[in-house]
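> quick one: sequence plus predicted model below, questions after.
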Amino acid sequence: MKHLSHFDGRGKTRMVDVSPKSQTQREAVAQARVLISPSTQKLIRENKIIKGDVFTVAKIAGIMAAKKVSSLIPMAHPLNITHCQINFDFFKDGITIEATTRIKARTGVEMEALTAVSVAALTIYDMCKAVQRDMVITDICLLKKKGGASGLYLRKSG
């Protein structure tokens, strides 16, 4: 069985010591989807959601969340991320959110990318719930991770 680094010699949870690792350039890309109706999509496109510009607010919320991961996830290391980009694309049944995070550090930024898309999706839900209550947040996943000893990870399609 592979050694699990999040447990000490007695099997108790611990924060992983990353100090022996070398700093490398790291990147993560995560995705989430919000399933919404065509009428809600139209309101977003036309900037007619009463709470304001949905994508601008969701982008800011996602970036802010990426910077606060260590306050939300107990074993996550505090990181000063150097890049967080959030993009939105409409598709037939809703919106795809994609976040890319980067840093030069001893540990990866996948939790920051995943948190960014999650909070951006929650923000879209919050801003649009007055016009549609049956939205669904789905498909939160890591698409890509590179850097560190693990090299490159790409999510397999399907």
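Nice, thanks for sending it over. Numbers count the residues shown, from 1 in each chain.
> secondary structure class for the closest residue to residue 128 other than its chain neighbours?
Excluding its sequence neighbours, the residue lying closest to residue 128 (Cβ to Cβ, 6 or more residues apart in numbering) is residue 40, at 5.5 Å. Yep, even glycine has a C-beta here, placed from its N, CA and C like the rest. Following DSSP: H, G, I helix; E, B strand; the rest coil, we place residue 40 in the helix state.
> got a pLDDT number for residue 6?
Note for residue 6: predicted pLDDT of 65.
> do you have the strands of this protein handy? List them.
All strands of the chain, identified by DSSP state E, fall at 24-35, 83-91, 94-105, 136-146, 152-154.
> dump these into TSV; add mean pLDDT and distance to residue 50 as well.
Formatted as TSV, the strands of the chain follow (pLDDT from 0 to 100; distance: least, Cβ to Cβ, whole Å):
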stretch	mean pLDDT	distance to residue 50
strand 24-35	96	18
strand 83-91	98	19
strand 94-105	97	18
strand 136-146	96	21
strand 152-154	79	40
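> which stretch among those comes nearest residue 124?
Residue 124 sits nearest to strand 24-35 of all the strands of the chain, at 5.0 Å, using Cβ to Cβ.
> ok, the closest residue to residue 94 other than its chain neighbours to residue 127 distance?
Excluding its sequence neighbours, the residue lying closest to residue 94 (Cβ to Cβ, 6+ apart) is residue 35, at 4.2 Å. According to Cβ to Cβ, to the nearest Å, residue 35 and residue 127 sit 15 Å apart.
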